[in-house]
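**Q** Dropping the sequence and predicted coords here.
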Amino acid sequence: MTTINEKVAIDHGLKKEEFKKICDLMERTPNLTELGIFSAMWNEHCSYKSSRKHLKNLHTQGKRVIQGPGENAGVIDVDDEDAIVFKIESHNHPSFIEPYQGAATGVGGIMRDVFTMGARPIANLNSIHFGSTQHKKTKNLLRGVVKGIGGYGNCIGVPTIGGQTCFDESYNGNILVNAMTLGLVNKKKIFYSKAAGIGKPVIYVGSKTGRDGIHGASMASAVFDDKIEEKKPTVQVGDPFTEKLLLEACLELMADDSIISIQDMGAAGLTSSSIEMASKGKLGIELDLSKVPCREEKMTPYEIMLSESQERMLIVLENGKEENAKKIFDKWDLDFAVIGKTTTSKKIELYFDSKKVADIPIDFLAEDAPEYDRKWKKIKLPQKIKFKKENFKSLKINNCLIKLLSNPNICEKKWIWNQYDHTVMGDTIQKPGGDAGVVRIHGTEKAVAASVDSSATYCFAHPLTGGKQVVCESWRNLISVGAEPIAITNCLNFGNPEKEKNMGEFVECVQGISEACKYLDFPVVSGNVSFYNETKDKGIKPTPSIGGVGLLKNYKNMLTMDLKNEGNVILVIGKTEGHLDQSVFARNVLNEKKGPPPEINLFNEKNNGSTVMKLMKEKLILSCRDVSLGGILIAIAKMCIKGKKGVKLNKLKSLINKFEFFFSEDQGRYIIEVSKKNLKKVENILKENSVHFDNLGEVQKDNYINIDSEKISVDELSKHNKNWLMEYMAQ
Amino acid sequence: MNSSVIIFPGSNCDRDMDVALKKFGFKNEMVWHDDEQLPKSDLIVLPGGFSYGDYLRCGSIAGKSKIIKSVIDFAKKGGLVLGICNGFQILTETGLLPGVLQQNKNIEFICKNVFVKVNSKNNKYFNSIDKDVLELHIAHNEGNYFCTSDELKMLKDNDLVAVSYCNEKGEVNEKSNPNGALQNIAGIFNKEKNILGMMPHPERMIDKYLSGEDGSIFFKNLLNNFK
C-alpha cells in the first residue's frame, strides 16, 4: 500500500498547497485512488484553473447559438430542423512524443465530442504547427502527424475538408496538433452530459479499458524536459474501426429516447466523465469498478479510473432500457456493461471487489477545484519600423513573388491533404486549398463552410491585436466562399501560465478575441485551452487557433478563388496603407522581424465584410479571396494559379511604393472579380456603404501577371508554389 | 432494377453508393454483413471503406463473412457484382477476382481525381458508354494492383482489364499511374465479366458541384444496360 504524502501528491502534478487543500476538504488523507482522481480533476487540462477567470469574458451569445461553451461541443442553429455541433481541441503533448498515435487520437477524441451530442460528424479540419523546416525533427513529426490524422479520419469515413499548417522555430520542441469536427444534428435530438434522475443505470460502452494513457491529462498540464521519451506509454493508441462502430451504435441508440445523458471518456477517462455527469446533474454516482470491461489483467481501481483508453462512452439510461440498448451494442460487437447508478449522495462512491475504494463529494472535485488569478504582464505595442528607400532598391517583384509563394507557410499543402480523404460522404463542394472548406448539408440546398486560422507571428508581436486579427481572418475566410459567418470555436495554445509573460499573452489574446467576436457578432461556442507548451524553458509563440463556421443558404451560390474570365475587372476591397511590419515580406525578404502587427479596425472589418456579402447576394462577384499572408499580390497570384489565367495590373496611383502596396498585410481586405457589365453597379454599392476600394486591373487569357514592364509567368509561379512542400518531404 | 449494397462493420462508402444508385433509378436495399440471404437483386455492390478495420490484409475478414457466401453463389450464377475500393479488395480476397491490392507505392494514402481508360466495352458495365476516358476519384491506401505473370496473361488474353489509369488524353503511362499498380490496372473483370472490381469511386462523381460528373455516366449507362 502506498503511503500518501506530499511527495506522492507532487509526483501526481499537484502543488503543495493543493495537497493541503485536499486534506482539509476531506478532513483526512486521501487514499491512492482518491488522490489520483483529485490530480486528474484538478490539473490544468480538466479544471481550467489558470484560464477560467479570463474565459468568462469571452463573447458567447448570439441569435443562432443553441449551446455555448461548457458542453462536449457548441451547437448552432442552421435553419429548418438542422443544427451544427462543432469544436476544436488540442492534442499537442502526445503528438510530439508519438506523432502518429497522438494526432490520430486527437481526431478520434474530437469526433467523439461531437457524436456524443447526437450529431453525425460531417467534416474534419485541423491546425498543425511544426518547428523550423531546418530542424531535424520537423519532417518526421509532420509525416507522422499527417499519417495519424489521415489514418483515423479516413477510416471513419468523415472528410477532412481543410486546415492550416505553419512552421516556426518556436515549435521546435512543442508541436501543435489541433483537431476540429463539425457534426449535423436534428435540433430536437441534441444530447447533453447532464445526468438526471435517481437510481438510473450507468452504462459503460465501447472498447475495453487498458493501461494506456494513464495520466495523459496530467502530462498535458506540465512542461517537457529531457525525459519526454519516457512518457511514451502515456500516449493513447487509437482504434478508428472501433470508433466507427461506436459512432453507428450510439446514433442508433439515440434514435429513441432511452438516453438521459451521455459523455465520452476523453481526458482523465472514467474519472472526468462520471464526475462531470454527476456534477452537472447535482447528483451522486456509484460505480462498481469490478464490472468495467478490462483488456489487461489485474488492473487496480486507480488504473481503471485514470486510464485514457480510447473509444469509450459513459451513458445514463432510463430504467428498463438496458436490454434494448445492449442489443444495439451487441450488434456492433461492442462491450456493454451496467457499472453503476445515479444516487442522491452528491458523492462519487467507488467499489471494487465489494469493497469501497473511494468516497469523495463531487463538489470537492468540480466546484472547489482551485482557480488562480495568475499574475500577468501587459505587452506594449512595438514601435513601427521605418523602412528606407534603399531597402527596396534592388528588389524585383518576380523574385519576391517566387520567394513568398514557395515560403513554407504560404506554399500549397497538397502533399498533406492528398493524404486525407476529403470527398467521402459525397457532399464536399469546396476541397482543401481554398479560403474555407465547404460541405453540403446532406439532402438540402444548404451548405456549411469552415476554416481554421492562427497568426502566431502577430499574436507574439502584440497579443491584443493578434487575438482580434485571428477572429477577423476567420470571418473573412468564410465570407470569401460565400458563407454568412455564424460562430467560432477556439483552441488556445500557450506557454507556461506560471510565467507572467506567457500569462499576459494569454490574457490579452483572449481579450482581443472577445472584442472582435462581440463586434462582429461572431460568438465563441466551444473550445479548449492548452498551456505548458514549453520545452526546457522555451515556450511557443502564443497561438490561438480559431475554427470558424458559416452557412450558405444555397450551395449553388458558393464562391471559389480561381479567376473566371478574361476581361473581368479585379478590385481590392478595403484600404491598402502599406503596413509591412510583421508581414511575410518584411520577415523573409527584408529580414526585418520587429514592429507591430497590422492594425485591426473592427468598424472597417465589419463594414467591408458585410458589403462583400451584399455584393454576393446580388450575384455580382465571380471569384473572391481574402487578402492575408503576403498581401495583395500573393492573393492575386493564387487566384491566377487556380484559374490558370493571367492579369494585367494598372499603374499604381498610390503614394506608397509598389512593394508596400502589393505585399503589405493591412487587414479587412478582399480581392474580388467582377464583370465589366456589372462594374458600375458594384462601385455604386461600395460607395453607398463607404467602403474603400481600388481597381487593380483586368483578367487576361495569357498566363502572365503584367506589372508595369515586368511580365511574370503564372506557370512558373505555380511550379514554385506547388512543388516546395513535395520536394522538401522527398529530400 | 434492384440493387443491394452490403454493409460490413467499417464500410464507409455504403451511404454514398446508396445515394448514387437511387439517384440513377435503382431500387436499392442495404444488407447487413451478418445476414445470410440476399434480397432479390440484379446487382450486388461491395462498397468502399475499412471492413472490420482492415487490420489484417484489406478485405480478408470480409472475404470470410456470413453474407459473402451468398454473394459468391450469386456471382457464380452470373449475377452482377461490383466491388469499389475496399469492395475490390474483398473480391480478390474471396478469389472471385485474381491478384492482390498492395500498399500504394509511395506508402501514402492518396485522395485525388484520376483519369481511367475504359479498355473493354463488351460487358454489362461499360457497354455503349460514349466516353473512352473517364475522370473518377480515388481514395485509398492499398490500391497497388499486383498479380502473377500467368494471371496477367490470362487477364490480357481475355480482355479482362476493365479500366487503366491514364492521363487526360487517354495515354496509359508511368506518369499517370498514381499508386504503382501493375500496368496501371485500376479495375478488372472475372472471365465471364459479370464481376467488376475497381479502385476508383464513381459514386463520388455524380453531380457538377462535386469533384466531377463522370460517375453519372457510369451509373446511367449501367442502368441502361439492364433495360
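**A** Yes, it's here. Residues are numbered from 1 along each chain as shown, chains lettered A, B, ... in the order given.
**Q** And for residue 34, the neighbour number?
**A** Went with chain A since none was named. 25 (other C-beta atoms under 10 Å in any protein chain shown). (Glycine included, C-beta is placed from N, CA and C.)
**Q** You answered for a different chain; I wanted chain B.
**A** B:Asp34, neighbours per other C-beta under 10 Å, totals 13.
**Q** From A:Phe392, how far out is the nearest residue to it once chain neighbours are set aside?
**A** Once flanking residues are discounted, B:Asp34 sits nearest to B:Lys66: 5.4 Å by C-beta to C-beta, 6 or more residues apart in numbering or on different chains. For B:Lys66, the distance to A:Phe392 (C-beta to C-beta, to the nearest Å) stands at 73 Å.
**Q** which residues of the stretch 101-250 of chain A score low on pLDDT?
**A** A:216-234 (pLDDT under 70).
**Q** Would you mind listing what in it touches chain B?
**A** Neighbours of chain B within the stretch 101-250 of chain A, by C-beta under 8 Å from any C-beta of the partner chain: A:147, A:150-151, A:154-157, A:239-242, A:244-245.
**Q** wouldn't B:Ser41 be in contact with B:Lys77 here?
**A** No. Judged on C-beta atoms under 8 Å, B:Ser41 makes no contact with B:Lys77 at a distance of 11.7 Å.
**Q** more crowded one of these two?
**A** Counting neighbours by other C-beta under 10 Å for B:Ser41 and for B:Lys77 shows that B:Ser41 has the greater number, 21 against 8.
**Q** which non-adjacent residue is nearest the more buried one?
**A** The nearest residue in space to B:Ser41 (C-beta to C-beta, 6+ apart) is B:Ser4, at 4.4 Å.
**Q** ok, longest helix in the chain?
**A** Since no chain was named, I'll use chain A. If you go by DSSP state H, chain A has its longest helix at helix A:500-520.
**Q** Not quite, go with chain B.
**A** Per DSSP H, chain B has its longest helix at helix B:214-226.
**Q** Please identify the buried residues of it?
**A** The neighbour-count check on helix B:214-226 (16 or more other C-beta atoms under 10 Å in any protein chain shown) flags B:214-219, B:221-223, B:225 as buried.
**Q** Same check on stretch A:687-699?
**A** For stretch A:687-699, by 16+ other C-beta under 10 Å, it's A:691-694, A:696-699.
**Q** One more: stretch B:172-190?
**A** Within stretch B:172-190, the residues scored as buried using 16+ other C-beta under 10 Å are B:172, B:176-182, B:184-190.
**Q** what's the closest non-adjacent residue to the residue in chain B that chain A sits nearest to?
**A** For chain B, the residue closest to chain A is B:Asn12, as judged by C-beta to the nearest C-beta, at 2.5 Å. Leaving aside its sequence neighbours, B:Asn12 sits nearest to A:Gly157 (C-beta to C-beta, 6+ apart; 2.5 Å).
**Q** From A:Val481, how far out is the one you found?
**A** Using C-beta to C-beta, A:Gly157 is found at 24 Å from A:Val481.
**Q** Is A:Ile570 within a helix or a strand, and which one?
**A** strand A:569-573 (DSSP states H and E).
**Q** which other helices and strands contact the host helix or strand of A:Leu270?
**A** Take DSSP H and E as the rule and A:Leu270 turns out to sit in helix A:269-281. Judged by 3 or more C-beta pairs under 8 Å, 6 or more residues apart in numbering or on different chains; DSSP states H and E, the packing partners of helix A:269-281 are helix A:32-42, strand A:259-264, strand A:284-288, helix A:301-306, strand A:312-317, strand A:335-343, strand A:347-352, helix A:362-365.
**Q** Go through these and name the closest to chain B.
**A** strand A:335-343 (14.6 Å).
**Q** Just the residues contacting the closest one, thanks.
**A** Contacts of strand A:335-343 with the rest of the structure, by C-beta atoms under 8 Å, 6 or more residues apart in numbering or on different chains, involve A:195, A:197-208, A:274, A:278, A:281, A:283-289, A:291-293, A:316, A:322, A:325-326, A:329-330, A:349.
**Q** Could you rerun that using 6 Å?
**A** Counting contacts by C-beta atoms under 6 Å, 6 or more residues apart in numbering or on different chains, the residues outside strand A:335-343 that touch it are A:195, A:198-205, A:208, A:283-288, A:291-293, A:326, A:329.
**Q** Equivalent analysis for stretch A:271-291, please.
**A** So stretch A:271-291 is in contact with A:37, A:40, A:46, A:193-196, A:261, A:263, A:265, A:301, A:304-305, A:314, A:337, A:339-343, A:345-353, A:362, A:365-366, going by C-beta under 6 Å, 6+ apart.
**Q** Around the residue of the stretch 451-600 of chain A found nearest chain B, how many other residues sit close by?
**A** Nearest residue of the stretch 451-600 of chain A to chain B (C-beta to the nearest C-beta) works out as A:Tyr555 at 6.6 Å. Counted by other C-beta under 10 Å, the residues lying close to A:Tyr555 total 22.
**Q** Output the least confident helix or strand in chain B by mean pLDDT as PDB - backbone C-alpha positions only.
**A** Lowest mean confidence among the helices and strands of chain B (mean pLDDT, DSSP states H and E): helix B:214-226, at a mean of 93. Below are the C-alpha coordinates for helix B:214-226, written out as PDB (Å, rounded to 0.1, in the frame of the first residue of the first chain):
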ATOM      1  CA  ASP B 214     -18.200  11.200 -65.000                       C
ATOM      2  CA  GLY B 215     -19.600   8.900 -62.300                       C
ATOM      3  CA  SER B 216     -23.100   9.800 -63.500                       C
ATOM      4  CA  ILE B 217     -22.100   8.500 -67.000                       C
ATOM      5  CA  PHE B 218     -21.100   5.200 -65.400                       C
ATOM      6  CA  PHE B 219     -24.300   4.700 -63.400                       C
ATOM      7  CA  LYS B 220     -26.700   5.900 -66.200                       C
ATOM      8  CA  ASN B 221     -25.000   3.600 -68.600                       C
ATOM      9  CA  LEU B 222     -25.100   0.700 -66.200                       C
ATOM     10  CA  LEU B 223     -28.900   1.100 -65.700                       C
ATOM     11  CA  ASN B 224     -29.500   1.300 -69.400                       C
ATOM     12  CA  ASN B 225     -27.600  -1.900 -69.900                       C
ATOM     13  CA  PHE B 226     -30.100  -3.700 -67.700                       C
END
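**Q** So which other helices or strands are in contact with it?
**A** Here helix B:214-226 touches no other helix or strand, going by 3 or more C-beta pairs under 6 Å, 6 or more residues apart in numbering or on different chains; DSSP states H and E.
**Q** please redo it, this time with the cut-off set to 7 Å
**A** Helices and strands touching helix B:214-226, by 3 or more C-beta pairs under 7 Å, 6 or more residues apart in numbering or on different chains; DSSP states H and E, are strand B:133-140.
**Q** pLDDT of the strand it packs on, averaged?
**A** The pLDDT scores in strand B:133-140 average 97.
**Q** what does that strand rub up against?
**A** Strand B:133-140 is contacted from outside by A:421, A:423-424, B:85, B:110-118, B:166, B:170, B:178, B:199-202, B:204-205, B:211-212, B:214-215, B:217-218, using C-beta atoms under 7 Å, 6 or more residues apart in numbering or on different chains.
**Q** Could you give me the ChimeraX syntax to select whichever of these are buried?
**A** In ChimeraX syntax, the buried subset of those is picked out as below (16+ other C-beta under 10 Å):
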select /A:421,423,424 /B:85,110,111,113,114,115,116,117,118,166,170,178,199,200,201,202,204,205,211,212,214,215,217,218
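**Q** For chain A, list the residues in contact with chain B, please.
**A** A:150, A:154-157, A:241, A:244-245, A:332-333, A:418-426, A:429, A:555 (C-beta under 7 Å from any C-beta of the partner chain).
**Q** Narrow those residues to those in helices?
**A** Those of the residues of chain A next to chain B lying in helices (DSSP H): A:150, A:154-156, A:241, A:244-245.
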